[in-house]
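Participant: Predicted model, plus sequence, below.
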Amino acid sequence: MRHARRNLQRIARLAAVGGLVCGSLMVSDAMAGETRAPGAGTAPAVPAAAPGGVVVERLGTSRTAGSWIGDDGRPVVAVTDQGAAAEVRRAGANPKVVDHSTDELRSATETLRGAPRVTGTAWAVNYRTNEVVVRADRTVSASDWSRLTELAEDIGGFVRMERSQGTFTTRLNGAAPMFGGASRCSAGFNVTDGQRSFVLTAGHCGPVGTTWFGDRGRNDRVGSTVAGSFPGGDYSLVRYDESAVPDPAAAGIVAIGEGRGVRITGAADPAVGQEVFRSGSTTGLRSGRVTALNATVNYPEGTVGGLIETTVCAEAGDSGGPLFAQGIALGVTSGGTGDCDSGGTTYFQPVTSAMASLGVALSGQPPPRPPVRTDSPPLPRTRRRPPPAARRPMRVREAVPRRRGAARPAPGSSPTSPPGSAPRRGRPRCRRHRREPGPAGRQQMDPDGAGPPELPGVLLADLGLRGANRGGGPQENDRCDERHIPDALLRPRRRRVPSPP
């Protein structure tokens, strides 16, 4: 009983920190799909991987202008010509012919990004209306608004300016105690690098080194921030302490309130028009739709790009909370304007780009592969053995008749061995050269090269005689060793004189 009570306290503490249910005691049986949030519509839910994205990738950004999910649940692809529209129909999607391509819309957003930064502004591409929407909150002055309007007119008629009544802020609660520093946030998703456990949350919640606790009194330590990005991106990685690591069997469950949860089975990028859900420690479960991708927001702390724009509401303390749909992780809460009473716009950091930058994967999923090194030296080239047809044929030694009384060849040499051949059985080798003719009056070779008269039928080189070639020819025979010459050959031959009668 004491052990069970301790486990229950641990589960409750982790659930209060990140909105993550880390034990099966808090997960209801009906967690196969999301519970519809208050005020949610009845439009069919569509998986994050919409087929319209495949068609856009095949046609290219010069002939398309994005894709989204229609009211009937079918993908819609914006195209710039009738030929592309026909291809979209053959792919099973609905085409919509527009005036401006993705390249033109991206060029407009790059122009806005290159202009002087104005805090309290945001822009994103609206695929449905084929235009770039620029929003400014109530903190933007009249002069900045006028300058932005002139810039929008210079870009073209497809840039629309809008005023917002709220203020673009990160959803951070600086007063209430995940309690770290002077802020309170919500955890996003449990992730892992294959060895350690982490929680993925928003980057503006706290810099690297921030310590997080699970209670207002800061007694139950959860972990500390070890990596992150803000501004630029809005994600961070909190490493669990050994005593706070969640149960692996239930680490992939997101709490949605009232003791229920949703199991996360993968991660993907959303589609415009898709219905999504968000969970936070302040407002609980909320729903809305994706209105734009790759949005840019100029927070007071800095500019963040590549965000997901939605109609989901959020309030202070919801920062870092998970965005998901049909069990697929989509993003973590970054910031926005408005509240859950009057509505507003909320932006999310995509989880795909955040996990790729941090080198982690969702808990329960295969660990990320290590990056491939491109600066490693190439492997040494091995010498391949030539095919049998290209190999050098074996030489057959011919038997050489030896006259009676002639000396045997020196060890390691042979009268028929080719020049430069290897010695046999490790014995020293003498190069065999026939004696070249020298000056007149000196000793000459026989025409057939058989040898000098004193040693008929034997080459001087084969005998290894030092300095034998003194007729002006090459002195290659000097390399031979006298030790291999029989002593009988070094002694002068005596002519046998018959005895007198």
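Facilitator: Perfect, thanks for sending it. Nothing here was measured: the structure is a model prediction, and the numbers come from that model. Numbering: from 1, shown residues only.

Participant: in this protein, which helix or strand is least confident?
Facilitator: Least confident helix or strand, the chain: helix 460-463 with a mean of 41, by mean pLDDT, DSSP states H and E.

Participant: What's the separation between the nearest residue to residue 294 once chain neighbours are set aside and residue 225?
Facilitator: With C-beta to C-beta, 6 or more residues apart in numbering as the criterion, residue 294 has its nearest non-adjacent residue at 5.6 Å, and that residue is residue 306. (Each C-beta comes from the backbone N, C-alpha and C, glycine too.) Distance of residue 306 to residue 225, given as C-beta to C-beta, to the nearest Å: 21 Å.

Participant: higher neighbour count, those two?
Facilitator: With neighbours defined as other C-beta atoms under 10 Å, residue 306 and residue 225 compare such that residue 225 has more, 23 against 16.

Participant: Which strand residues bridge the more buried one?
Facilitator: With DSSP bridges applied, residue 225 shows beta-bridge pairing to residue 238.

Participant: Let me see the contact set for it.
Facilitator: With contact set as C-beta atoms under 8 Å, 6 or more residues apart in numbering, residue 225 has these partners: 180, 205, 206, 207, 208, 209, 210, 212, 236, 237, 238, 239.

Participant: thinking the second one is in contact with residue 319, fair?
Facilitator: Which is residue 205. Yes: using C-beta atoms under 8 Å, residue 205 is in contact with residue 319, at 5.8 Å.

Participant: Can you point out the helix or strand that includes residue 262?
Facilitator: Element membership of residue 262 [criterion: DSSP states H and E] is strand 260-263.

Participant: strands paired with that strand, and their directions?
Facilitator: By DSSP bridges, strand 260-263 pairs with strand 253-257 (antiparallel).

Participant: May I see the buried residues of the strand it pairs with?
Facilitator: Buried residues in strand 253-257, counted by 16 or more other C-beta atoms under 10 Å: 253, 254, 255, 256.

Participant: What's the mean pLDDT across that strand?
Facilitator: Taken as a whole, strand 253-257 has a mean pLDDT of 79.

Participant: same thing with stretch 64-83?
Facilitator: Mean predicted confidence for stretch 64-83 is 90.

Participant: Straight-line length of it, end to end?
Facilitator: From the first residue to the last, stretch 64-83 extends over 11 Å; the measure is C-alpha to C-alpha, to the nearest Å.

Participant: i'd like the first residue to be 51 from this point on
Facilitator: Done: numbering now begins at 51, and the last item shifts to stretch 114-133.

Participant: Okay, now the unreliable bits of the stretch 301-450 of the chain?
Facilitator: Residue ranges of the stretch 301-450 of the chain with pLDDT under 70: 418-450.

Participant: Apart from its chain neighbours, what residue comes closest to residue 307?
Facilitator: With C-beta to C-beta, 6+ apart as the criterion, residue 307 has its nearest non-adjacent residue at 4.5 Å, and that residue is residue 334.

Participant: In this model residue 304 seems to touch the one you found, though I could be wrong.
Facilitator: No: with contact defined as C-beta under 8 Å, residue 334 does not reach residue 304; the gap is 11.8 Å.

Participant: among the contacts of residue 275, which one has the lowest pLDDT?
Facilitator: Minimum pLDDT for those is recorded at residue 230 (74).

Participant: Following element in sequence after the top strand by length along the chain, please.
Facilitator: As assigned by DSSP state E, the longest strand anywhere in the chain is strand 334-349. Counting by DSSP H and E, the next helix or strand C-terminal to strand 334-349 is strand 352-360.

Participant: Against which helices or strands is that following strand packed?
Facilitator: Here strand 352-360 touches strand 334-349, strand 378-389, strand 393-400, going by 3 or more C-beta pairs under 8 Å, 6 or more residues apart in numbering; DSSP states H and E.

Participant: now the angle between strand 352-360 and the shortest one, please.
Facilitator: Looking back up the chat, that one is strand 393-400. Interaxial angle of strand 393-400 relative to strand 352-360 (axes from the mean of the first three to the mean of the last three C-alpha atoms, to 10 degrees): 110 degrees.
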